[in-house]
Each structure stands twice: as structure tokens, then as C-alpha cells.
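Engineer: Predicted coordinates and the sequence they were generated for:
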Number of protein chains: 2
Amino acid sequence: MTRPDVSEERKRQILHAAAQVFDRRGIEAARMEEIAQEANLSVGGVYWYFKSKDAIIHALLDKMFNADLDGLHALLVAEGSVRDRLITYAREELATARSPLRSELYNLATRSDSACAQVLEYLNELKRLLAALIQQGIDRNELRPLDPVTAAQTLMAAYEGFAELAMLGFTLSDPERDLLAMLDLILDGMSQPPKPATTTTVSTPVFSSDEWQAATQP
Amino acid sequence: MTRPDVSEERKRQILHAAAQVFDRRGIEAARMEEIAQEANLSVGGVYWYFKSKDAIIHALLDKMFNADLDGLHALLVAEGSVRDRLITYAREELATARSPLRSELYNLATRSDSACAQVLEYLNELKRLLAALIQQGIDRNELRPLDPVTAAQTLMAAYEGFAELAMLGFTLSDPERDLLAMLDLILDGMSQPPKPATTTTVSTPVFSSDEWQAATQP
DNA sequence: TCGCATTTACTGAATATTCATTCGGTTTAA
DNA sequence: TTAAACCGAATGAATATTCAGTAAATGCGA
């Protein structure tokens, strides 16, 4: 009677498929039919494991958020300068950033109370972890004394905003270079003045000065 | 035969109504019926002025983007320090920021080529104007010499990200205070070291130190 | 080691609902 | 009288969810 339990495996399959379809169609436009196909199941098969489309979304959020927080947790106790670890975190985020999924989920959160609660819980935990990392930087004298929570929130806004812009294909050169340039700028501002400006290695201006000066007379 | 032309008036009515409905329901969930009602028209009446729902979205985007760019344009030639003007711009944005609309529109842009082009055009213009303003700051020695385009993009990411987070109700105290704290932090980093840290007047820490230090041992 | 019963895992057509859009008809101002 | 401005029921297409079945793995008795 006890058949080998495939439900964990199936759920993983379905969530993977859903992520793919959400990516290309958007959450609202994603059809259960297409998710089922992508998961090598029929519509009914998907409903065997998930109560509804919403349940899939919820589970997917959970998976993504946990993966993200786990990564940051690991960085909190990893070695290296705080600056380097913040950059590493940003780089890891970048991998996810260009997918419309995250923005869609946030978007959804503005309309569903339960989704909103889930997202806020994630954001608060993210803030706590980032603030802790920044506090580490202050304690080690890498960063100037600033309010770690404000700094954490600032970084979060920058990350989020960058992800949003990158998603739309709005970048100077390539996303990674732009991300690093942005972080260099912000982290320079947060660093101890002793080394006044850590040389901004990546940020090679891509526009000629003519080009942006033209903006003054449009 | 030449009746007084009400079409401009009607279009304004409809766009206003659409903005309201998009705000509370989201773009996809907004029903033409509801937009029509809000505009004191029937469904057919709305279709008399707009070819489709997409046309309404497009026109609304156009209106919002132009209002934003016009405001920034005015700030570019206004008096006051660059810092103050960047703060003023951010404050003006904040008024719009808490509505899900902007995020929805971006979100939509990832799926419609024409919407995407429209958004990118706006973002590029925004970047040009912000870069020009920052260049002004460098020329006047208010800001340290940095790549104005990178700085502009950094500010844009921060603005966007902040708007996204504020939309979800993710703030320390009140949105305005948080926004100013964030900008102070970023602009301090961009300012000339001579006055090493412009006193961060608004950023009164809201969490006790116990509270965020707890984040280290979760 | 073969049926046979039983339960789990699945299928996909049918159902029900939800809108964007259309269009034949009505109102109103000139 | 005419044409622009408007109405709103009807149409049609899209799609989440259900459900009456089917397939297949397992245990069990002979």
C-alpha cells in the first residue's frame, strides 16, 4: 500500500515549471494548462498537489525568499570585508534580478493581504540581516558610524530599484558593471573617510561629456 | 453642426477615472465597466474616446511621465543647492510613490514591447536630466567629482526601490522621513569631503540598539 | 506467480465565470 | 434634420477549477 512518495519531487517539478512560465508570461497571464505542460503533467495533476494557482504562488514566494535569506545568513558569518560581502550579495541577487518575477510578486502583494504579509516578513528579515552586517562594518571600522537600519534600508532600496531597472533592460553597459558602479558609489559614501575615495575601478564613463552635457539644452 | 468640442475634457475625465481604478484594483483587474462608472460614462462612451484598454494605459503613462519630466526640467533651472533640488524632486515623487500604479506599469512593460519602449524613453530622459543636475553640483563644487551618469542611475535606482518598498508599507517610521534619511546618506557620500558629513538632521534612529542588535543572533 | 481488490496518482473534457469589445439603437445639440 | 455623442445588453474568447473516469502500483489470498 505504501507506494514510494513522489509528492515532494512533484511539487518541486511544479514549482520549477511555474517559475518558468511566470517568467515568460507574467503571473496573471500564466495559464494552469501551460504550467502543467511544463511540468509534464495534466491540469488535474497539478491540482492534485496544489489547491489553487494562489497556493503555487505562495509556495514559490516562500522558496525564493528562503533561498535569498539563507544566502545572506551565510554571508553574515563568512570572512572578508563587509564591503566585499555586500557586493557578493548584490551579485547573487543580480542572477534573479532580470526576471520579471520578483516585481510581479511585489505587485501582487499590493492586492493580496496574505501575499503582502509574506513579502513584508521577508523584507523585515532582510533588513535585520543587512543591518547586522553593516553594524559589523562599523564595529570593524570599515564603515563610518551611521544608523545601520537606515543604511540597510538604503541598500535595499538601491538593490530593488536596480533590479527593476535592469529588468527593463535599462543599463549603461552591462548590468553587472552598472551594479558594481552603483554599489561603489553608495559604499564609498558609507566608508570611513581615511581612505577618502576607494578607487572606483569599474565605473568607466560610457557617455562622452558632450553627450550628457547636451541634456542641459533639450 | 459644430458642437463645442468636449473630447479633451472627456479624455481627461476618463484618464483620471482610469488612474483611480488602476490604483485600487491593479491594471489587469480593472474592469472597463468600473472605469466608465468612475468617469460618469457608459462602457460604450469610454470606447468612443479610446480604442481599447491598452490605449488608455498608454495615454496614462504618457501623462504621468510628462508631468514628472516637466517637474524635473523646472528644477534644473531653479535656484537653490543641487542637494535641495534633488530632495525636492524626491519629495514630489513620493506623492506618487505609494500608489501601486507605477510598479504595475513597469511590470506591464516587461510584457508589451510598445509599453517597454515608452518606459525606456522616459527613463533615459530622466537619466539625462538627473545627470545634468548632478553635473551642475560638480561644477559648483557642491559634489565631489564623480561620473554624473553613474550617480544619476544610482539615484534613480534608489528612488524606484524606495517607491516600491513604500508601496508595500515597508518603512521605519513615516515614508517622508525615511526617504530623507536615505537621500541624506547617499548625498553625503556624493558630497565634497570638506564638510565631511553634512549633519544628518532627520535620520533619528527609530529602533533601539537592542532591537537591531538582536538581528545578529536570530 | 497469478488474479484481484484497493488506494494513490493522474487525465482532460466540461463547467462556470469573468471581462474586453461590439454594435444596433437612443439622445442631444446645432 | 443631421451627425456627433452616448448607452448597455449581447457576444465571444479566455481560463481557473472541478470531476467522472482511467492507469498503475501495491498488498494479499490462493
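Structural biologist: Sure, I can see it. Numbering: from 1, shown residues only, chains lettered A, B, ... in the order given.

Engineer: Go ahead and list the helix or strand containing the residue nearest the centre of chain A.
Structural biologist: Residue closest to the mean C-alpha point of chain A, counted by CA atoms, centre = their mean, is A:E93 at 4.5 Å. Assigned by DSSP states H and E, A:E93 belongs to helix A:82-97.

Engineer: Surely the residue nearest to the centre of chain A is in contact with A:A158?
Structural biologist: No: the criterion here is CB atoms under 8 Å, and A:E93 misses it with A:A158 at 10.8 Å. Heads up, the C-betas are built off the backbone N, CA and C, glycines and all.

Engineer: How is chain A partitioned into domains?
Structural biologist: Following automatic domain parsing, one finds the domains of chain A at A:7-50, A:54-203.

Engineer: Would you single out the least confident of these?
Structural biologist: For the domains of chain A, the weakest mean pLDDT is recorded on domain A:54-203, namely a mean of 88.

Engineer: Longest helix in chain A, please.
Structural biologist: helix A:113-139 (DSSP state H).

Engineer: Which positions in it come out as buried?
Structural biologist: Taking 16 or more other CB atoms under 10 Å in any protein chain shown as the neighbour-count basis, helix A:113-139 is seen to contain the buried residues A:115-116, A:118-119, A:122-123, A:125-138.

Engineer: Output the contacting helices and strands for the following helix or strand past it.
Structural biologist: The C-terminal neighbour of helix A:113-139 among helices and strands, as given by DSSP H and E, is helix A:148-167. Judged by 3 or more CB pairs under 8 Å, 6 or more residues apart in numbering or on different chains; DSSP states H and E, the packing partners of helix A:148-167 are helix A:82-97, helix A:101-109, helix A:113-139, helix A:175-190, helix B:101-109, helix B:148-167, helix B:175-190.

Engineer: quick one, which of those helices is packed in tightest?
Structural biologist: Of all the helices and strands packed on helix A:148-167, helix B:148-167 carries the top mean neighbour count, a mean of 25, counting by mean count of other CB atoms under 10 Å in any protein chain shown.

Engineer: Tell me what angle that helix forms with helix A:148-167.
Structural biologist: 110 degrees (axes from the mean of the first three to the mean of the last three CA atoms, to 10 degrees).

Engineer: Quick one: distance of helix B:148-167 to the chain centre.
Structural biologist: 9 Å (CA atoms, centre = their mean, to the nearest Å).

Engineer: likewise stretch A:77-94?
Structural biologist: 13 Å.

Engineer: Residue numbers of chain A in contact with DNA strand C?
Structural biologist: Counting by CB under 7 Å from any atom of the strand, chain A comes close to DNA strand C at A:1, A:3, A:5-7, A:10, A:36, A:40-45, A:47-49.

Engineer: Buried ones among those?
Structural biologist: A:R10, A:A36, A:L41, A:Y49.

Engineer: Report all helices and strands that whichever helix or strand the second one is part of contacts.
Structural biologist: Element membership of A:A36, judged by DSSP H and E, is helix A:32-38. Using 3+ CB pairs under 8 Å, 6+ apart, the elements in contact with helix A:32-38 are helix A:7-25, helix A:43-49.

Engineer: Pick out the residue in chain A sitting closest to DNA strand C.
Structural biologist: For chain A and DNA strand C, the shortest gap (CB to the nearest atom of the strand) falls at A:G44, measuring 2.0 Å.

Engineer: got the CA coordinates for stretch A:165-172 in PDB?
Structural biologist: Extracted in PDB, the C-alpha atoms of stretch A:165-172 (Å, rounded to 0.1, in the frame of the first residue of the first chain):
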ATOM      1  CA  LEU A 165      15.600  49.000 -13.900                       C
ATOM      2  CA  ALA A 166      17.700  46.000 -15.000                       C
ATOM      3  CA  MET A 167      14.600  44.000 -15.700                       C
ATOM      4  CA  LEU A 168      13.500  46.600 -18.200                       C
ATOM      5  CA  GLY A 169      16.900  46.500 -19.900                       C
ATOM      6  CA  PHE A 170      17.800  49.900 -18.600                       C
ATOM      7  CA  THR A 171      21.600  49.900 -18.200                       C
ATOM      8  CA  LEU A 172      24.600  51.800 -19.400                       C
END
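
Engineer: How many neighbouring residues does A:A74 have?
Structural biologist: Residues contacting A:A74 under the criterion other CB atoms under 10 Å in any protein chain shown number 12.

Engineer: ok, the host helix or strand of it near DNA strand D or not?
Structural biologist: Per DSSP H and E: A:A74 is located in helix A:53-76. Yes: residues of helix A:53-76 contacting DNA strand D under CB under 7 Å from any atom of the strand: A:K53, A:D54.

Engineer: tell me which residues in that helix are buried?
Structural biologist: Buried, per 16+ other CB under 10 Å, within helix A:53-76: A:53, A:56-61, A:64-65, A:68-69, A:72, A:75-76.
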